[in-house]
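Student: This is a predicted model, with the sequence first.
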Amino acid sequence: MAPKYWLVKSEPEVFSFADLKMSRNRTTHWDGVRNYQARNFLREMEKGDRVLFYHSNCDIMGVVGVAEVTKEAYPDHSAWDPKSNYYDPDSTPENPRWFMVELTWQQDFKRKVTLSEIKAARPLQKMRLLQRGNRLSVMPVSKAEHDCICQMGMR
DNA sequence: GCCAACGTTGGC
DNA sequence: GCCAACGTTGGC
């Protein structure tokens, strides 16, 4: 099965791409997604899928590197922890509502591909990232868009 | 099922 | 810090 392509957003002050790189095995579980549409995308992720890592809500927003899905969707246990920020009493181990995947750092871009560059790049105009009112933290990206952004980032 | 109120996201 | 654009909640 050919790998699929995704973009995940993270606020670097909360969890940056450098944080992922410094994690054990350069891997983390991508928990805390509490939006149904984003969850559904998470559940479509498969091992080997490529993930563009985007920094949001910071000085210069943009894609900073590439990660890979190393474990596909499994129940997000932070939803069961009353002390977690992501606690959701309606999600239970018997009937989990929320899921997470495992992401592994793969490659730093030589330079950040900024939001304004993405907005200016003709092949990227249809990206979901640029669509009005978009607030998804996990979204699909086409292979062409992924390749274009990687090319910009590695130049 | 409608919809107003409220909370959150995230670019600016 | 502001605020537009959502999603969610809860009364009816």
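Tutor: Arrived safely.

Student: Let me see the ranges of the strands in chain A.
Tutor: For chain A, the strands defined by DSSP state E occupy A:5-10, A:27-30, A:50-55, A:62-75, A:99-114, A:138-140.

Student: Ok, which of these comes nearest DNA strand B?
Tutor: Relative to DNA strand B, the nearest member of those by C-beta to the nearest atom of the strand is strand A:5-10, separated by 4.9 Å. (C-beta placed from N, C-alpha, C; glycine too.)

Student: for the strands of chain A, which one ends up most surrounded?
Tutor: strand A:50-55 (a mean of 24; mean count of other C-beta atoms under 10 Å).

Student: Give me the average confidence score over that strand.
Tutor: The average pLDDT within strand A:50-55 is 97.

Student: That one vs DNA strand C: in contact?
Tutor: No: if you take C-beta under 7 Å from any atom of the strand as the test, strand A:50-55 misses DNA strand C, and the best it gets is 14.6 Å.

Student: quick one: strands adjacent to that strand?
Tutor: Paired with strand A:50-55 in the same sheet, following DSSP bridges, are strand A:5-10 (parallel), strand A:62-75 (antiparallel).

Student: JSON lines for those, including distance to DNA strand B and mean pLDDT?
Tutor: Putting the strands paired with strand A:50-55 into JSON lines (distance: least, C-beta to the nearest atom of the strand, whole Å; pLDDT from 0 to 100) gives the following:
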{"stretch": "strand A:5-10", "distance to DNA strand B": "5", "mean pLDDT": "96"}
{"stretch": "strand A:62-75", "distance to DNA strand B": "9", "mean pLDDT": "96"}
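
Student: JSON lines for these, including distance to residue A:126?
Tutor: Formatted as JSON lines, these follow (distance: least, C-beta to C-beta, whole Å):
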{"stretch": "strand A:5-10", "distance to residue A:126": "13"}
{"stretch": "strand A:62-75", "distance to residue A:126": "16"}
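
Student: how about those, which one is nearest residue A:83?
Tutor: In this view, the strands paired with strand A:50-55 are compared for proximity to residue A:83 by C-beta to C-beta, and strand A:62-75 is the closest at 17.6 Å.
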